[in-house]
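Participant: generate a structure from the sequence data that follows.
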Amino acid sequence: MLPVFSGKLCQFLRVTRLPSILFLGVFYVAYVLVGGLVFWKLEGWYVLQQIDLLKEKRIKLLEKYPCVGQNGLRELAEMIKAASVSGLSPDSNDTADGFWKFTSSSVFAATVVTTIGYGNIIPLTTAGQIFCVLFALFGIPLNVVILNRVGKYMLAIERNFCNFLEKKFDRGKCVRISIHSISFVSSALLYFMLPMLLFKAYEGWSYAEAIYYCFITLSTIGFGDYVADHNPAIIYPEWYSCLMAAWIFFGLAWLALLINHSIDLLESVNAYLRGRQNAQIQVEEPKEQPEKGLKVEETR
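Facilitator: Numbers count the residues shown, from 1 in each chain. As a prediction, this is how the structure comes out:
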């Protein structure tokens, strides 16, 4: 009874592909937990250090301006927070129409439909919040469709170019690998290196901060700790927002294409492991059949 039950259980697991799903699930959970552990070790001590420094600065500020008091300091902090949301620079009284200019509003609309969601600009009116929900409800699927089409078009251009060169040269695989490598390097330069230099020049960020912002934006993570075209103390040229919008759109299409290639690679590895498992099961099954035949002869 036990061998029959174990055989049915193995057949059920093969049909449902439960081992591969469990493997991917365990790997996913382990990956997230390890990432959380690394972030905790890297950032936890720094946050505690910053909290201690802020407490010391608050004590010194209250000692320097005793007339402010704890309540006055709280009101001042709330006023500064409200000013930053509205686009008022603490260095001057010039708001330059705040964040809700036409160019910055268009960039905000782009961050809504692309699900980047920096959080630096938020609709405060009831009408604006309702429109944001409706705008995102139809805009997000439209954005997915368009990015998918653009990504496939970019991939089709690359494949057609590879096929054209393969006909001209004998070494087809080498040509295809070379074209893919050149395309990856040139795209990385176009969507990461050049914007990094631009953001360093106009935003005053370091190279690490600029490349970090590029990836966080194009991957639609969008923490909002670094946002281009956001500093009220900086006067940006008019073309800056338009160039940012174009960079975000085509960069998202390219990164989505790259992520799809990574998913295909992981699925290929998973299929390879599943194929090896099925082959091993097929090798073990013929060994079990002669044993069953011997048991039948002994009963006779």
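Participant: phi first, then psi, for residue 24.
Facilitator: phi -60, psi -40 (degrees, to the nearest 10).
Participant: quick check: which element contains residue 63?
Facilitator: helix 18-64 (DSSP states H and E).
Participant: how far is that helix from where the chain is centred?
Facilitator: 18 Å (CA atoms, centre = their mean, to the nearest Å).
Participant: just after that helix, pick out the following helix or strand.
Facilitator: Immediately after helix 18-64, counting by DSSP H and E, sits helix 69-86.
Participant: would you tell me what the next helix or strand after that following helix is?
Facilitator: Taking DSSP H and E, what comes next after helix 69-86 is helix 102-113.
Participant: what does that next one contact?
Facilitator: 99, 116-118, 121, 132, 135-136, 139-140, 142-143, 222, 229, 238, 241-242, 244-245, 248-249 (CB atoms under 8 Å, 6 or more residues apart in numbering). For every residue, glycine as well, the C-beta is placed using N, CA and C.
Participant: quick check: angle from the helix holding residue 63 to helix 69-86?
Facilitator: 130 degrees (axes from the mean of the first three to the mean of the last three CA atoms, to 10 degrees).
Participant: tell me which other helices or strands helix 18-64 touches.
Facilitator: If you count contacts as 3 or more CB pairs under 8 Å, 6 or more residues apart in numbering; DSSP states H and E, helix 18-64 packs onto helix 69-86, helix 238-299.
Participant: weakest of these by average pLDDT?
Facilitator: Lowest mean pLDDT within those: helix 238-299, at a mean of 69.
Participant: hang on, the earlier thing: quick one: average pLDDT of the helix holding residue 63?
Facilitator: Here the average pLDDT along helix 18-64 is 82.
Participant: dump the residue contacts of the most centrally placed residue in the chain.
Facilitator: In the chain, the C-alpha nearest the mean C-alpha coordinate belongs to residue 219, at 3.0 Å (CA atoms, centre = their mean). Going by CB under 8 Å, 6+ apart, residue 219 touches residue 255.
Participant: which pLDDT does the model give it?
Facilitator: 85.
Participant: with the one 3 residues further on instead?
Facilitator: As predicted, residue 222 sits at a pLDDT of 87.
Participant: test my guess that it contacts residue 213.
Facilitator: No. Residue 222 lies out of contact with residue 213 (CB atoms under 8 Å); the separation is 10.1 Å.
Participant: any idea how far the residue nearest to the centre of the chain is from residue 25?
Facilitator: Note on residue 219: its distance to residue 25, by CB to CB, to the nearest Å, is 23 Å.
Participant: and what of residue 188?
Facilitator: Residue 188 is 32 Å from residue 25, by CB to CB.
Participant: neighbour count winner among the two?
Facilitator: Ranked by neighbour count (other CB atoms under 10 Å), residue 188 and residue 25 place residue 188 first, with 13 against 10.
Participant: what's that one sitting at in phi/psi?
Facilitator: Torsion angles, degrees, to the nearest 10, at residue 188: phi -60, psi -40.
Participant: can you pull the contacts of it?
Facilitator: Residue 188 neighbours (CB under 8 Å, 6+ apart): none.
Participant: let me know the pLDDT of it.
Facilitator: Reading off the model, residue 188 has pLDDT 84.
Participant: got any ranges where the stretch 51-200 of the chain has weak pLDDT?
Facilitator: 83-99, 170-173, 175-176 (pLDDT under 70).
Participant: number of nearby residues for residue 126?
Facilitator: 8.
Participant: ignore what I typed, I meant residue 190.
Facilitator: 14.
Participant: could you do residue 113 as well?
Facilitator: Count around residue 113 with other CB under 10 Å applied: 19.
Participant: same thing with residue 255?
Facilitator: Residue 255 has 21 nearby residues by other CB under 10 Å.
Participant: how much space separates the nearest residue to it once chain neighbours are set aside from residue 144?
Facilitator: Spatial nearest neighbour of residue 255, excluding adjacent residues (CB to CB, 6 or more residues apart in numbering): residue 218 at 4.6 Å. Residue 218 sits 15 Å away from residue 144, taking CB to CB as the criterion.
Participant: which one's more surrounded, the two?
Facilitator: residue 218 (24 against 14).
Participant: surely that one touches residue 250?
Facilitator: No. Between residue 218 and residue 250 there is no contact under CB under 8 Å: 9.7 Å.
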